[in-house]
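Engineer: Starting from these lines, generate the structure:
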Amino acid sequence: MNSDEKEDCECATPQAETSPATGAAREQEEPDIENPEASRMKRAAAKHLIERYYHQLTEGCGNESCSNSWCASSVGFSRMDNNTAAVKALELYKVNAKLCDPHPSKKGTASTYLESSTRSNSACSNRKMNHKDVNAVRDNFKDINYLTEEKVYEILYSCGEKEDYSPLIRVIGRVFSSSEGLVQSFRRSKPHTKEELKSLQGKDEDKDEDEKEAAAACSATAMEEDSPTSSSSSRLGEGSSGENDVQKLAPDEVSVDIEAVRRVYKRLLSNEKIEAAFLNALVYLSPNVECDLTYHNVYSRDPNYLNLFVIVMENSNLHSPEYLEIALPQFCKAMSKLPLAAQAKLTRLWSHYSAEQIRRMMETFQQLITYKVISNDFSNRNLVNDDDAVVAATKCLKIVYYANVLGGDLDTENNEDEDEEPIPESSELTLQELLGEERRNKKGPRVDPLETELGVRTNDCRRPLIPFEEFVNEPLNEVLEMDKDYTFFKVETENKFSFMTCPFVLNAVTKNLGLYYDNRIRMYSERRITVLYSLVQGQQLNPYLRLKVRRDHIIDDALVRLEMIAMENPADLKKQLYVEFEGEQGVDEGGVSKEFFQLVVEEIFNPDIGMFTYDEHTRLFWFNSSSFENEGQYTLIGIVLGLAIYNNCILDVHFPMVVYRKLMGKKGTFRDLADANPVLHQSLKELLEYEGSVEEDMMITFQISQTDPFGNRLMYDLRENGEKIPVTNENRKDFVALYSEYILNKSVEKQFKAFRRGFHMVTNESPLKYLFRPEEIELLICGSRNLDFQALEETTEYDGGYNKDSRIIKEFWETLHSFSEEQKRLFLQFTTGTDRAPVGGLGKLKMIIAKNGPDTDSHAHLCVLCRQVTHVPHVLQRAAAARIHQQGQAEGETAESHHLCQRLWHALSPSN
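Structural biologist: Got it, this is the predicted structure:
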């Protein structure tokens, strides 16, 4: 060993005091110890020395010939674990033990704690930690490769004293532009072991406040050394210790101290120059991260890599204009490359965030999507699907969306049982296979992979942290070419993204258009298969779902025909509906089918039939548990609802929301009673909130009664021998849950299963469940309750010589706008068959106002027609159009306009 090596291994005492009572000695040497800044500097110096002792015990100085018995590089040194080393480092600090300087071979690869140390000109000289030495420690920030909250505040204080923040800016730029440095930063301290706590407790009496803080810092350092990202043990993502470290964390935990990160951001982002450092660092960081995730599979080797995304997303300025151009798009591209397991872990972590924090992250990605949409000219040739930034931001938004779901009010237990009997497959299956036309989605509807990984569905969430509607991006919906997007959705290619895979960002109108394309293509496919089948079999088959019914026997005819189709070949239900009324001429271009649906609904929901009960208070229908009708009748109404969606028709049905939740696979619970049976819900709520003795004051049991259609009282036990079990304060929650379960599920189980089976006969292969929530299903079937007649006026077309400036037309709209809400609904009911607007509002319902007959007729007619039924025969116009007769021939006469208004009022009168 040469003289230089001897000098490097020689030891220096860290402090000038010779007494073990270092705390008292330091107090004598520091007359300004009461000064908070001086105390802070002193604590930083003490912490730094204990950290050096710790690394000396765990790593050594690097000299194989070191003679220091408390150095890991010495020959006779016994290795110790990190926790023991942390406790021993504190003891060595208290007795001013010898401290080695790093050997030259150790420099450059040693821990950052050693690299950032203050070194004297003489490697073997003793030193005293005075103010000058502390400033030297504080000013040397060049080799800091990762950050902690304490380090940031230390650097910030130093820069503040000199009014020069360039050192801090350089450190932020260096750490936040390095994935390795950022992953190591702001680690969360782990709890002390029992042995460590006992050892620290025995030393507490001899330590002052500074030593306690330094000891804690050293212990935290020991915990960090267990991490796979520690630079002293391995490079990022290497080694096996990382897996063990991550396994100690819960599925929704990370090793980042998130609260510390938020405090740091809050302190630093107020400075514009420092904020620019974060921006520039993110621009440099993101491409490297994207490369790591795409080609190096870094997350599987080091799950702590997720820390990087957690830290960056805590930046509250990500949505600011400076980030939107380059930094945020690049970061989103990198984040979108996270594997499924990482996305799920990030979702679980964010699900614990507050609604405000979820909204901030949601707005960050929404801001980017909106900015890119409005700053580009997307068209049929320049698709928004090809914009990498919009696609990446949407994928990132999905993580926030599911965090919003997971953090909301979940109900994952009350799920409807699957149908015991599978829906029979088409008899054409073999032929389809021969022709290469095997049925799509044969295994069932599509399910989002992240949803599967999390084990939760959107429909499981009763109330999210923030409303689902806030995730819809209207500018994106306006530029989205839905026909192309649907193609990408069905083809499922890796190089083409479909926004239908992220339905939360789409509004109901856009999703309905996607469903329309799916239905139409399925219809064309069935038609094509039928033609091919007829060529092979030599039989003439009908390419449409043709129903021929009698008006007086519409239910019987429709039931028989649809039951035969359901049994023989359910695939025919996917064909385009074509309705013909016996003895009537007419071509079904939509209007005949619409009248068919209207008549069927009126018949089935007639209270005299007894299939459904009607609540006068809520104006809603519910399944009659005592109905004498067979299950086929309920299957029919299920098929009718499915066909209405499939053929893009609105039905005048009024179910509580729980029916649509049950169709989507969720059972009814007590909360659903608020909509389905508000009187019962209020009674049960009062029972739950009752402060007295339920058993003594109410005297109710677990036996309930119902009345059948003949007025007979029927008893039902919610539990076995329920009449003997009193309801008490302790079991009243069970009583309420069982009562709700009976009313909403068990009592109508037979009827609802038949109803659901009919619905699924039509929609089982549709992306309906994937795209829509229960409230949106109701919108598809029944339309919207919100009526905007101004939008209807703007989209109405005119024929036969009329235009929007015609006086009679102006009088018409003035009169219509003056109607009450109820009168407007009556008008809509008369013209369209329902008092609700279609998906997207009345603006989507194109109306035509035209003269029916030449002006020379003795009676000129003004027809208000829905575009779908412009050419329907006269016999259907009474159900599909409001016809107002006006006397006279001159359009401009005030008397005629006045008479038009009178006739319009008359047409809308309830008695009419």
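Engineer: pretty sure A389 is in contact with F331, am I right?
Structural biologist: No - when contacts are counted by C-beta atoms under 8 Å, A389 is not listed as touching F331 (10.2 Å). Placement of C-beta: from N, CA and C, glycine included.
Engineer: Between the two, which is the more surrounded one?
Structural biologist: Shown here are A389 and F331; by other C-beta atoms under 10 Å, F331 has more neighbours (28 against 21).
Engineer: following the longest helix along the chain, which helix or strand shows up next?
Structural biologist: Secondary structure assigned by DSSP state H gives helix 508-537 as the longest helix of the chain. Where DSSP states H and E defines the elements, the next helix or strand beyond helix 508-537 is strand 545-549.
Engineer: What lies in contact with that next one?
Structural biologist: 557-558, 561-562, 565, 572-582, 596 (C-beta atoms under 8 Å, 6 or more residues apart in numbering).
Engineer: In strands only, show me these.
Structural biologist: 577-581 (DSSP state E).
Engineer: ok so, going back, quick one: buried residues of the longest helix of the chain?
Structural biologist: 508-519, 522-523, 525-527, 529-530, 532-533 (16 or more other C-beta atoms under 10 Å).
Engineer: sorry, back to before: need the overlap of contacts for A389 and F331.
Structural biologist: Joint contacts of A389 and F331 (C-beta under 8 Å, 6+ apart) do not exist.
Engineer: Give the closest residue to the spatially most central residue of the chain in space, chain neighbours not counted.
Structural biologist: Nearest residue to the geometric centre of the chain (C-alpha atoms, centre = their mean): Y401, 2.1 Å. Distance criterion C-beta to C-beta, 6 or more residues apart in numbering; nearest residue to Y401, sequence neighbours excluded, is F504 at 4.9 Å.
Engineer: State the distance from the one you found to E474.
Structural biologist: 13 Å (C-beta to C-beta, to the nearest Å).
Engineer: Settle it for me: which of those two has more neighbours?
Structural biologist: Legend: neighbour count by other C-beta under 10 Å for F504 and E474, higher for F504 (24 against 12).
Engineer: mind listing what that one touches?
Structural biologist: 397-398, 401, 458, 468, 471-472.
Engineer: residue boundaries of the strands in the protein?
Structural biologist: Counting by DSSP E, one finds strands in the chain at the ranges 11-12, 99-100, 409-410, 461-463, 545-549, 577-581, 612-615, 620-623, 703-707, 713-717, 797-799, 847-852, 859-866, 881-887.
Engineer: picking up where we left off before, ok, the residue nearest to the centre of the chain to E470 distance?
Structural biologist: Separation of Y401 from E470 (C-beta to C-beta) stands at 10 Å.
Engineer: what touches both of these two?
Structural biologist: M362.
Engineer: for K685, what are its contacts?
Structural biologist: By C-beta under 8 Å, 6+ apart, the contact list for K685 is empty.
Engineer: Name the surrounding residues that touch stretch 616-623.
Structural biologist: With C-beta under 8 Å, 6+ apart, stretch 616-623 has contacts from 605, 611-615, 634, 653-656, 675-679, 748, 751-752, 755.
Engineer: Kindly recompute the last result at 6 Å.
Structural biologist: With C-beta atoms under 6 Å, 6 or more residues apart in numbering as the test, stretch 616-623 has contacts from 605, 612-614, 654, 656, 748, 751.
Engineer: now stretch 397-416
Structural biologist: 343, 346-347, 350-351, 358, 361-362, 365, 450, 456, 458, 460-466, 471, 502, 504, 662, 665, 667, 669.
Engineer: residues of that stretch that come out buried?
Structural biologist: Neighbour-count burial for stretch 397-416, counted by 16+ other C-beta under 10 Å, picks out 397-408, 410-411, 414, 416.
Engineer: what are the ranges of the helices in the stretch 551-700 of the chain?
Structural biologist: Listed in chain order, the helices of the stretch 551-700 of the chain (DSSP state H, counting those that start in this stretch) span 554-568, 591-604, 631-646, 657-663, 673-676, 678-689, 694-698.
Engineer: err, the stretch 251-400 of the chain, not the other one
Structural biologist: Using DSSP H, counting those that start in this stretch, the helices of the stretch 251-400 of the chain run over residues 258-268, 272-295, 298-301, 307-313, 321-324, 327-335, 340-350, 355-374, 388-406.
Engineer: Need the CA coordinates for the last one. CSV is fine.
Structural biologist: Backbone C-alpha positions of helix 388-406 (Å, rounded to 0.1, in the frame of the first residue of the first chain) are rendered in CSV as follows:
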residue,chain,number,x,y,z
ASP,A,388,-50.6,10.8,-30.6
ALA,A,389,-51.1,13.4,-28.0
VAL,A,390,-54.9,13.2,-27.9
VAL,A,391,-54.7,9.4,-27.9
ALA,A,392,-52.1,9.3,-25.1
ALA,A,393,-54.0,11.8,-23.0
THR,A,394,-57.2,9.8,-23.4
LYS,A,395,-55.4,6.6,-22.2
CYS,A,396,-54.1,8.5,-19.2
LEU,A,397,-57.5,9.9,-18.5
LYS,A,398,-58.8,6.3,-18.3
ILE,A,399,-56.6,5.7,-15.3
VAL,A,400,-58.1,8.8,-13.6
TYR,A,401,-61.6,7.7,-14.6
TYR,A,402,-61.2,4.3,-12.9
ALA,A,403,-59.7,5.9,-9.9
ASN,A,404,-62.8,8.1,-9.8
VAL,A,405,-64.9,4.9,-9.9
LEU,A,406,-62.8,3.0,-7.4
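Engineer: pLDDT of that helix, averaged?
Structural biologist: Per-residue pLDDT values across helix 388-406 average out to 96.
Engineer: Okay, angle between it and helix 327-335 too, please.
Structural biologist: For helix 388-406 against helix 327-335, the angle by axes from the mean of the first three to the mean of the last three C-alpha atoms, to 10 degrees is 70 degrees.
Engineer: Helix 388-406 to helix 340-350, inter-axis angle?
Structural biologist: Using the same axes, to 10 degrees, helix 388-406 lies at 50 degrees relative to helix 340-350.
Engineer: Just the pLDDT for the nearest residue to L738 once chain neighbours are set aside.
Structural biologist: Of all residues beyond its chain neighbours, the one nearest L738 is L718 (4.1 Å), with distances taken as C-beta to C-beta, 6+ apart. For L718, the model assigns a pLDDT of 91.
Engineer: Next, count neighbours for L718.
Structural biologist: L718, neighbours per other C-beta under 10 Å, totals 19.
Engineer: buried sites along stretch 763-777?
Structural biologist: With burial defined by 16+ other C-beta under 10 Å, the residues of stretch 763-777 counted as buried are 763-774, 776-777.
Engineer: just these now: which is nearest V384?
Structural biologist: Set against V384, the nearest of those by C-beta to C-beta is L771 (18.4 Å).
Engineer: Check whether that closest one really touches P503, as I assumed.
Structural biologist: Yes - L771 lies in contact with P503 (C-beta atoms under 6 Å); the separation is 4.6 Å.
Engineer: overlap in contacts of the two?
Structural biologist: K511.
Engineer: Could you tell me which residues make contact with N729?
Structural biologist: V694.
Engineer: if I look at it, how far off is E741?
Structural biologist: Counting by C-beta to C-beta, the gap from N729 to E741 is 21 Å.
Engineer: ok, now D697?
Structural biologist: D697 is 25 Å from E741, where distance means C-beta to C-beta.
Engineer: Also G758?
Structural biologist: 24 Å.
Engineer: Compare those two and say which is more crowded by neighbours.
Structural biologist: Comparing G758 with E741 by neighbour count (other C-beta under 10 Å), the higher total belongs to G758, at 28 against 17.
Engineer: Quick check: the more buried one touching Q633?
Structural biologist: No - between G758 and Q633 there is no contact under C-beta under 6 Å: 9.7 Å.
Engineer: per-domain residue ranges of the protein.
Structural biologist: When the chain is parsed with the TED database, its domains come out as 46-95, 147-188+251-318, 515-780, 785-908.
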